[in-house]
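>>> Sequence and predicted structure, then a few things I'm wondering about:
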Amino acid sequence: QVQLIESGGGLVQAGGSLRLSCAASGRTFSRYAMGWFRQAPGKEREFVAAISRGGNTLYADSVKGRFTISRDNAENTVYLQMISLKPEDTAVYYCAAGTYINTQRNLYEYWGPGTQVTVSS
């Protein structure tokens, strides 16, 4: 089992940057693909980015070129570097762990409680 805790959210102006972190418990972190999802008020939770065990990455079209996902298996942590933030990026951001890298939220087994990101215009 994996427990996930996100951090790094906050309030930032449009055009600014934030780096989210997701710390995982347990010694099996390196066996999991990791994903970031987000959910804005009144909207479905949507895929943002994912990284495989070997470091391959996937991104939603809306964040390509602005967000970068990375992982540090020695630190059991996955990161989401976000630049050029827009008001429409405002959401609760969740990290998730799953067996395979994918964009489907129902295929991720473990979830963190989320961290709020608010981008002001």
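Looks like it arrived, so ask away.

>>> The residue nearest to Cys22 when sequence neighbours are not counted sits in which helix or strand?
In space, Cys22 comes closest to Cys95 once its chain neighbours are excluded; the distance is 3.4 Å by CB to CB, 6 or more residues apart in numbering. Where you see a C-beta, it was placed from the backbone N, CA and C, and this is true even at glycine. Taking DSSP states H and E as the definition, one finds Cys95 inside strand 91-98.

>>> For that strand, which helices and strands make contact with it?
Contact here means 3 or more CB pairs under 8 Å, 6 or more residues apart in numbering; DSSP states H and E; on that basis strand 91-98 packs against strand 4-7, strand 18-24, strand 33-39, strand 77-82, strand 108-111, strand 115-120.

>>> Alpha carbons of it, as CSV, please.
C-alpha atoms of strand 91-98 as CSV (Å, rounded to 0.1, in the frame of the first residue of the first chain):
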residue,chain,number,x,y,z
ALA,A,91,-8.0,23.7,-8.9
VAL,A,92,-7.2,21.1,-6.2
TYR,A,93,-4.3,19.1,-7.5
TYR,A,94,-4.1,15.4,-6.6
CYS,A,95,-1.3,12.9,-7.0
ALA,A,96,-2.0,9.3,-7.6
ALA,A,97,-0.1,6.0,-7.9
GLY,A,98,-0.9,3.2,-10.3
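
>>> who's in contact with the residue nearest in space to the middle of the chain?
The chain has Trp36 as the residue nearest its centroid, 2.5 Å off, counting by CA atoms, centre = their mean. Trp36 is in contact with 20, 22, 48-50, 69, 78, 80, 93-96, counting by CB atoms under 8 Å, 6 or more residues apart in numbering.

>>> what number of residues lie near the residue nearest to it when sequence neighbours are not counted?
Nearest non-adjacent residue to Trp36, counting by CB to CB, 6+ apart: Val48, 4.3 Å away. Val48: 25 surrounding residues under other CB atoms under 10 Å.
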